[in-house]
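>>> What follows is a protein structure lacking sequence information:
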């Protein structure tokens, strides 16, 4: 639902801007598609134009990753990959291009964070 809301807002913003003759909004096309797989706890990465039975170009997974029932994946403008982990109430952050059984560059979690059952995230800009 969160992702659909953002796409809708972009579409409405583009429509209003176009109607007012102010600007032309161009949304850059994604080059990669990130998928959170709850079981096994992995993030698979596909070419955005992949179709059919396409294998992932990268997979983040394994004991070093800290992934535990991942639910949502986002990428910031620097290419860092943010993942919500339902089972551990954490958000793990991976370096751009992360692949394999790699440790996150940081993990957000603990009692002071108040993170509980994170199912989605949004990177504000």
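Noted; the coordinates are in hand. Since the structure is predicted, the reported quantities are computational estimates derived from the model, not experimental observations.
>>> Got the phi and psi for residue 112?
phi -70, psi -20 (degrees, to the nearest 10).
>>> how near is it to residue 55?
40 Å (CB to CB, to the nearest Å). All C-beta spots, glycine's among them, are computed from the backbone N, C-alpha and C.
>>> In this protein, mark out all the helices, start to finish.
Assigned helices in the chain, in chain order: 2-20 (criterion: DSSP state H).
>>> just for it, where's the confidence low?
Residues of the chain that meet the criterion pLDDT under 70 lie in 1-30, 125.
>>> now the strands: where do they sit in the chain?
Under the criterion DSSP state E, strands of the chain are mapped to 32-37, 42-47, 58-61, 70-75, 81-85, 90-94, 106-109.
>>> Turn those into CSV, columns for mean neighbour count and distance to residue 124.
Below are the strands of the chain laid out as CSV (neighbours: other CB atoms under 10 Å; distance: least, CB to CB, whole Å):
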stretch, mean neighbour count, distance to residue 124
strand 32-37, 17, 19
strand 42-47, 18, 22
strand 58-61, 19, 24
strand 70-75, 20, 11
strand 81-85, 23, 12
strand 90-94, 22, 14
strand 106-109, 15, 15
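>>> Nearest to residue 123 among those would be which one?
The minimum distance between residue 123 and the strands of the chain falls on strand 70-75, with 5.1 Å, by CB to CB.
>>> Run through who's touching the closest one.
2, 32, 34-38, 41-43, 81-86, 118-123 (CB atoms under 8 Å, 6 or more residues apart in numbering).
>>> Give me the sheet partners of it and which way each runs.
Using DSSP bridges, the strands paired with strand 70-75 are strand 81-85 (antiparallel).
>>> now the partner strand and strand 90-94, what's the angle there?
When axes from the mean of the first three to the mean of the last three CA atoms, to 10 degrees is applied, the directions of strand 81-85 and strand 90-94 differ by 160 degrees.
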